[in-house]
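>>> for reference, the sequence and a predicted model appear below.
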Amino acid sequence: MSAPRTLYDKIFDDHVVDRQDDGTCLLYIDRHLVHEVTSPQAFEGLRLTGRTVRHPEKTLAVVDHNVPTSPDRKLGIKNEESRIQVEALAKNAADFGVEYYSETDRRQGIVHIIGPEQGFTLPGMTIVCGDSHTSTHGAFGALAHGIGTSEVEHVLATQTLIQRKARNMLVRVDGKLPQGVTAKDIILAIIGEIGTAGGTGYVIEYAGEAIRALSMEGRMTICNMSIEGGARAGLIAPDETTYAYVKDKPRAPKGKAWDMALEYWKTLKSDEGAHFDKVVVLDAANLPPIVSWGSSPEDVVSVQGVVPDPAEIADENKRTSKQRALDYMGLKAGTKITDIELDRVFIGSCTNGRIEDLREVAKVVEGKTVNPRVNAMIVPGSGLVKEQAEAEGLDKIFIAAGFDWREPGCSMCLAMNDDRLKPHERCASTSNRNFEGRQGFKGRTHLVSPAMAAAAAIAGHFVDIRDWK
Ligand SMILES: CC(C)[C@H](C(=O)O)[C@@H](O)C(=O)O
Ligand code: SF4
């Protein structure tokens, strides 16, 4: 019998086209997602060398980062740089025969939200995109990771990618999540535990009772932030939850092809006794709602906690860097997290812009009013999420509470469009990065779950969602 293998080993092995003696492999790529930011030079490279896109039907292009989210987006993009990128993708997709969702297509949205929605993302596949949060698709038991622009060109031209095998890491989350604690809190806690370099050189497989209990939306939130923990990719073995989500999606296999696919997908799990190079175990039952206080996703604390004191850090470099983070954030050590007041609230992004996230938000804010000091926006992750939310009447709940209800896109997750923080504005955000300037020059970002962001919008400061009435 062959040695037990992990889920990552299996998917990797199934896609090796060529393996060199030094371990360098050529991997077959099943799906390639393309957005406007990292693709212009790649298409230009093809043009210059007279090459074509090898498999246009395995490639899907969408605009997300630069598109305006205001209702008048049809009027065009004012910012020239943004407009050029969006127009370039439209032209490249047409010239190279790649399917393309423009900002007026109802299927348009954040690249990592539309892939799963369309059934373009399927278990067992290798999936790449010129975007670090491609790890999101790992929630389906697909090997999915970000690539650079020169690799985008390589995949467009050859449908393959040069890769070396990463090491295997297991993150097991045991037990049941308490009421009010979500997938977002799990992943923030994991990153708090392992640090932003903890996953460097690894592909993380998430397992355990708490992961199994998550919906596909929750699993995507977890895998999405794998890259924030330094990992190349995140994976969750497919199960009944996965199959139920995938079934009947526009591009999912149908009929006999579905049965065959299912048979294969059922083999996609780590074998008993498979070797992991690193194992981390967390207990879900002990997790509180989490809030980030600094400028790195590892700077996290319980909502019941206080802003930590860098003076207590022994390592000098780390102490200096955490002090700088506190200064940037305009916070004092010892401040209670629930005393931190917000100016803005952003609900959306490829981390938390899916329908389930919006349902959670609606539950928290129904019949309540956004604090007058707070400017709060909700940005659906895709046109289909927006339609679904409106069909359920969620938009009415949001608007009645005083939220701004927008068109789909990356929006204020990163300041590449009109949605951005002003200097020193403090924001509770459901996105994945709190880097300096991420949401606007000198903007201050606190990463939280959708429910925590919603409650903060109403209260005007952080509150423990477990006490919400
Ligand atoms: C613009 C893009 C290349 C970038 C990424 O790779 O992740 C963006 O999506 C982000 O979240 O910072
Ligand atoms: S929503 Fe944010 S994290 Fe996701 S792809 Fe867009 S910019 Fe990147």
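Structure received. Ligands and ions are numbered 1, 2, ... in the order given.
>>> so which residues on the stretch 51-200 of the chain come close to ligand 2?
64-65, 110, 112, 131, 133 (CB under 6 Å from any ligand atom). Where C-beta positions appear, they are placed from N, C-alpha and C, glycine not excepted.
>>> now the helix or strand hosting F398 - C-alpha only, CSV.
Assessed by DSSP states H and E, F398 sits inside helix 394-401. Below are the C-alpha coordinates for helix 394-401, written out as CSV (Å, rounded to 0.1, in the frame of the first residue of the first chain):
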residue,chain,number,x,y,z
LEU,A,394,-32.4,42.7,3.6
ASP,A,395,-31.7,45.9,1.8
LYS,A,396,-34.8,47.5,3.3
ILE,A,397,-33.6,46.6,6.8
PHE,A,398,-30.2,48.1,6.1
ILE,A,399,-31.5,51.3,4.5
ALA,A,400,-34.1,51.8,7.3
ALA,A,401,-31.3,51.5,9.8
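>>> and the contacts of it?
Helix 394-401 is contacted from outside by 358-359, 361-362, 365-370, 378, 386, 389, 405, 458, using CB atoms under 8 Å, 6 or more residues apart in numbering.
>>> again, only using 6 Å
Helix 394-401 has contacts (CB atoms under 6 Å, 6 or more residues apart in numbering) with 358, 362, 365-366, 368-370, 378, 389, 405.
>>> ranking these by neighbours, who comes first?
The residue in those with the most neighbours, by other CB atoms under 10 Å, is I378 (31 neighbours).
>>> ok, it touching F346?
No: I378 is not in contact with F346 according to CB atoms under 6 Å; the separation is 8.4 Å.
>>> host element of the residue lying closest to C350 once chain neighbours are set aside?
Nearest residue to C350 in three dimensions, chain neighbours excluded: H112, at 4.0 Å (CB to CB, 6 or more residues apart in numbering). Per DSSP H and E, H112 falls inside helix 111-118.
>>> which parts of the next helix or strand along the chain from that helix are buried?
Counting by DSSP H and E, the element after helix 111-118 in chain order, helix or strand, is strand 126-129. By neighbour count with 16 or more other CB atoms under 10 Å, strand 126-129 contains the buried residues 126-129.
>>> could I get the residues you listed in TSV, plus columns for pLDDT and distance to ligand 1?
Shown next, in TSV, are those (pLDDT from 0 to 100; distance: CB to the nearest ligand atom, whole Å):
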residue	pLDDT	distance to ligand 1
T126	98	18
I127	98	14
V128	98	12
C129	98	9
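>>> of all the residues you listed, which comes closest to W258?
I127 (19.3 Å; CB to CB).
>>> partners of the closest one in the sheet?
Counting by DSSP bridges, I127 forms beta bridges with R31, A144.
>>> hang on, isn't it packed against H137?
Yes: when contacts are counted by CB under 6 Å, I127 is listed as touching H137 (4.8 Å).
>>> list residues touching both of the two?
A144.
>>> so what's the residue in the chain positioned nearest to ligand 1 closest to, chain neighbours aside?
Residue nearest to ligand 1 within the chain: S132 (3.5 Å; CB to the nearest ligand atom). Distances taken as CB to CB, 6+ apart place G146 nearest to S132, at 4.1 Å, with adjacent residues excluded.
>>> residues near that neighbour, how many?
G146: 18 neighbours (other CB under 10 Å).
>>> the longest strand seen in the chain pairs with which strands, parallel or anti?
Using DSSP state E, we find that the single longest strand of the chain is strand 167-174. Paired with strand 167-174 in the same sheet, following DSSP bridges, are strand 202-207 (parallel), strand 278-283 (parallel).
>>> and the ones you listed, which is most packed in?
strand 202-207 (a mean of 26; mean count of other CB atoms under 10 Å).
>>> okay, the residues of the stretch 51-200 of the chain next to ligand 2 in CSV with neighbour count and pLDDT next?
Output for these, formatted as CSV (neighbours: other CB atoms under 10 Å; pLDDT from 0 to 100):
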residue, neighbour count, pLDDT
D64, 29, 98
H65, 21, 98
I110, 31, 98
H112, 32, 98
D131, 26, 98
H133, 28, 98
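>>> and these as a markdown table, adding distance to P71?
Below are those laid out as a markdown table (distance: CB to CB, whole Å):
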| residue | distance to P71 |
| --- | --- |
| D64 | 17 |
| H65 | 19 |
| I110 | 18 |
| H112 | 24 |
| D131 | 26 |
| H133 | 26 |
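>>> looking at these, which is nearest D248?
Closest to D248 out of those is H112 (20.6 Å), distances taken as CB to CB.
>>> ok, C410 - contacts?
Neighbours of C410 in contact, by CB under 6 Å, 6+ apart: 64-65, 110.
>>> distance check, the residue lying closest to I347 once chain neighbours are set aside against ligand 2.
Excluding the flanking residues, the one nearest I347 by CB to CB, 6+ apart is I378, at 4.6 Å. Per CB to the nearest ligand atom, to the nearest Å, I378 is found 14 Å from ligand 2.
>>> same question, R19
For R19, the distance to ligand 2 equals 32 Å [CB to the nearest ligand atom].
>>> contact partners for the spatially closest residue to that residue that is not a sequence neighbour?
The shortest distance from R19 to any non-neighbouring residue, by CB to CB, 6+ apart, is to C25 (5.0 Å). Counting by CB under 6 Å, 6+ apart, C25 touches 16, 19, 163.
>>> what is the burial count for the second one?
R19: 13 surrounding residues under other CB under 10 Å.
>>> look up phi and psi at it.
For R19, the backbone dihedrals (degrees, to the nearest 10) come out as phi -130, psi 120.
>>> how about the helix holding F398: buried residues?
394-395, 397-398, 401.
>>> around ligand 1, pick out the residues from the stretch 101-250 of the chain.
131-133, 146.
>>> can I get the residues you listed in a markdown table with secondary structure?
Output for these, formatted as a markdown table (DSSP: H, G, I helix; E, B strand; the rest coil):
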| residue | secondary structure |
| --- | --- |
| D131 | coil |
| S132 | helix |
| H133 | helix |
| G146 | strand |
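>>> need the contacts of C25 in a markdown table (columns: pLDDT and distance to K256).
Shown next, in a markdown table, are the contacts of C25 (pLDDT from 0 to 100; distance: CB to CB, whole Å):
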| residue | pLDDT | distance to K256 |
| --- | --- | --- |
| V16 | 98 | 27 |
| R19 | 98 | 33 |
| Q163 | 97 | 32 |
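>>> find the nearest non-adjacent residue to T267, please.
K10 is the one closest to T267 (CB to CB, 6+ apart), at 7.3 Å.
>>> let me know the angle separating the helix or strand harbouring the one you found from strand 167-174.
Element membership for K10 (DSSP H and E) is helix 7-15. With axes from the mean of the first three to the mean of the last three CA atoms, to 10 degrees defining the directions, helix 7-15 sits at 140 degrees from strand 167-174.
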